[in-house]
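Novice: Prediction below, plus the sequence it came from.
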Amino acid sequence: MRDGGLFTPLREQVFRRLVAGRGCAELANAIAPVALAFAVLDVTGSLVQLGVVVGARSLAVVLLVLFGGMLADRLPRSVILQGTALLAATTQAVIAVGVLGGFATLPLLVVLSIANGVTSAMSLPAAAALTPQTVPAAILTQANAVARMFVNSGRFTGAAVGGVLVGVFGPGWAMSVNAGVFVAAALAYRAVRVERTPRAAGSAFKDLADGWREFTEHTWVWVVVLQFMVVNAVLAGGLFVLGPAVADQSIGRTAWGFVIAAQTMGALVGGVLMAHWRPRRALFAGVAVVLLEVIPLITLAKAPHVLPLLLAMFVVGLSGEVFVVAWDVSLQENIPPDKLARVYSYDMLGSFIALPAGEVVAGPLGTRFGTETTLLAGAVVLALVTCWSLSSRQVRGLVRRASVEASG
């Protein structure tokens with residue numbers, strides 16, 4: 001099959017169903033953090049407790065994502081996505097009832113955040129590994145770009161809608177909408193039918209060991225994962241713990257929803273860029289642009305105004321999308337299909353393992369040293385760890401298989 005245009009993958013019916021489900025799921029996931037952050041602030045008024053609630057969800061993801069990867073290499077991935085979407089709808093509905101009913105407490109929010117983290121741990125490896133099963137290999141780059149466009153459209157719309165719903169109606173109603181959209185995602189996933197990836201029989205521990213060997217065999221994989229262990233922790237603490245607190249004192253809650261949405265709009269542009277650009281050394285390009293992710297941290301610290309924040313988040317969204325598409329293609333081209341979900345799960349474990357620490361310590365650090373100093377220190381750490389990753393010869397030298405075949 002020839003390498004077609006950007007939207008060629010949408011001719012594949014199963015791929016259309018998959019991206020519809022992912023778009024709905026991300027729409028709901030984008031509403032959730034905006035609504036949850038302000039729900040916790042309304043209930044507790046504490047940055048520290050906000051960090052605890054957000055960190056509890058991330059901790060659940062960290063603890064169970066390897067199990068999710070193992071299941072995604074054993075069970076039908078579309079079935080996993082259906083079940084997790086329905087469970088996520090249930091958790092968000094309970095939060096909505098608690099907030100609207102006036103009986104939401106910190107322990108309840110922590111427990112429900114953990115339950116929602118479990119759904120993410122189960123669904124993330126399955127969603128990431130399912131794309132190559134829905135399109136021919138020749139259009140895998142476009143498929144990843146289009147999938148990311150649907151994901152980011154959901155995030156953009158969800159963040160904006162979440163901000164409006166929270167600002168006008170309150171966090172409870174935002175959570176109610178969130179639950180309904182998760183149900184729509186489950187219905188879309190129900191229509192995804194693909195052939196199962198053949199796999200050898202074995203124990204769960206053998207599966208995990210095989211995945212670990214594949215993960216550590218490629219230096220470029222674990223170097224980038226170590227980089228994002230730090231990058232994700234810094235951004236989570238800066239943007240999702242300190243960010244809402246800065247917004248409450250400056251631009252307001254509704255505006256903050258649009259600021260988060262600007263990041264996703266940048267990601268949409270980044271997805272289109274990667275569908276057409278397709279650099280030969282895609283991984284190097286993707287890692288290098290991560291340096292731009294210091295911009296929103298510096299802007300929050302020095303210029304917390306609507307226009308600078310909109311521009312900063314647009315740029316970081318664009319750069320982040322360039323990285324994600326480059327990373328997905330690199331993994332999907334170089335990791336065997338029957339081990340892909342497990343390698344993705346180790347990638348996610350490494351990338352997310354420091355998230356709870358970043359989210360939990362951001363509040364105390366901001367309280368102790370001030371939000372400006374904490375945000376600027378995070379920007380420095382992010383830049384240093386990205387430069388370290390770029391020093392790896394394998395990160396700089398990995399060449400896309402499609403480019404090698406074309407030149408041959």
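Specialist: Yep, it's here. Computed from a predicted model, the values in this text were never measured in an experiment. Numbers count the residues shown, from 1 in each chain.

Novice: Every contact and neighbour count from this point should use C-alpha atoms.
Specialist: Will do.

Novice: what mean pLDDT does the host helix or strand of Ala179 have?
Specialist: Following DSSP states H and E, one finds Ala179 within helix 171-189. In this model, helix 171-189 has an average pLDDT of 86.

Novice: what's the answer for stretch 224-236, then?
Specialist: 91.

Novice: Repeat that for stretch 122-130.
Specialist: In this model, stretch 122-130 has an average pLDDT of 79.

Novice: Please enumerate residues in contact with that stretch?
Specialist: Stretch 122-130 is contacted by residues 22, 64-65, 67-69, 71-72, 77-78, 80-81, 84, 340-342, 344-345, 348 when judged by Cα atoms under 8 Å, 6 or more residues apart in numbering.

Novice: three-state assignment of Arg280?
Specialist: coil (DSSP: H, G, I helix; E, B strand; the rest coil).

Novice: how far away is it from Val322?
Specialist: Taking Cα to Cα, to the nearest Å as the measure, Arg280 falls 13 Å from Val322.

Novice: list the helices and strands the helix holding Ala179 packs on?
Specialist: helix 13-44, helix 77-101, helix 140-168 (3 or more Cα pairs under 8 Å, 6 or more residues apart in numbering; DSSP states H and E).

Novice: Deepest in the core, which of those helices is it.
Specialist: helix 140-168 (a mean of 25; mean count of other Cα atoms under 10 Å).

Novice: what helices or strands is that one leaning on?
Specialist: helix 13-44, helix 171-189, helix 253-277, helix 306-334.

Novice: Adding distance to Ser391, write those helices out as CSV.
Specialist: Compiled in CSV, these are given as follows (distance: least, Cα to Cα, whole Å):
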stretch, distance to Ser391
helix 13-44, 34
helix 171-189, 41
helix 253-277, 23
helix 306-334, 17
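
Novice: Which one of those helices lies nearest to Leu239?
Specialist: helix 253-277 (9.0 Å; Cα to Cα).

Novice: avg pLDDT for whatever helix or strand comes next after that closest one?
Specialist: Where DSSP H and E defines the elements, the next helix or strand beyond helix 253-277 is helix 282-288. Across helix 282-288, pLDDT averages out at 91.

Novice: How about residues contacting helix 282-288?
Specialist: Helix 282-288 is contacted from outside by 224, 279, 319-320, 322-327, 330, 386-387, 389-390, 395-400, using Cα under 8 Å, 6+ apart.

Novice: on that earlier part again, which one of Arg280 and Val322 has more residues nearby?
Specialist: Val322 (31 against 16; other Cα atoms under 10 Å).

Novice: right, and the helices and strands packed on helix 171-189 - which one's nearest Met265?
Specialist: Using Cα to Cα, the helices and strands packed on helix 171-189 put helix 140-168 closest to Met265, at 6.0 Å.

Novice: quick one, that closest one and helix 253-277 angle?
Specialist: Orientation check (axes from the mean of the first three to the mean of the last three Cα atoms, to 10 degrees): helix 140-168 against helix 253-277 gives 170 degrees.

Novice: Run the chain-centre distance for helix 140-168.
Specialist: Its chain's C-alpha centre and that of helix 140-168 lie 11 Å apart, by Cα atoms, centre = their mean, to the nearest Å.

Novice: how many degrees apart are that helix and helix 13-44 in direction?
Specialist: Going by the same axes, to 10 degrees, helix 140-168 makes 30 degrees with helix 13-44.

Novice: mind showing which ranges of the stretch 301-408 of the chain have poor pLDDT?
Specialist: For the stretch 301-408 of the chain, residues meeting the criterion pLDDT under 70 lie at 401-408.

Novice: all strands of it, in order?
Specialist: Read by DSSP state E, counting those that start in this stretch, the stretch 301-408 of the chain holds no strands at all.

Novice: Let me see the ranges of the helices in it.
Specialist: For the stretch 301-408 of the chain, helices defined by DSSP state H, counting those that start in this stretch occupy the ranges 306-334, 340-352, 355-369, 371-390, 393-397, 401-407.

Novice: and the first one, what other elements does it pack with?
Specialist: Contact here means 3+ Cα pairs under 8 Å, 6+ apart; on that basis helix 306-334 packs against helix 140-168, helix 253-277, helix 282-288, helix 295-302.

Novice: would you list those helices in TSV and tack on distance to Val361?
Specialist: Putting those into TSV (distance: least, Cα to Cα, whole Å) gives the following:
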stretch	distance to Val361
helix 140-168	24
helix 253-277	22
helix 282-288	26
helix 295-302	16
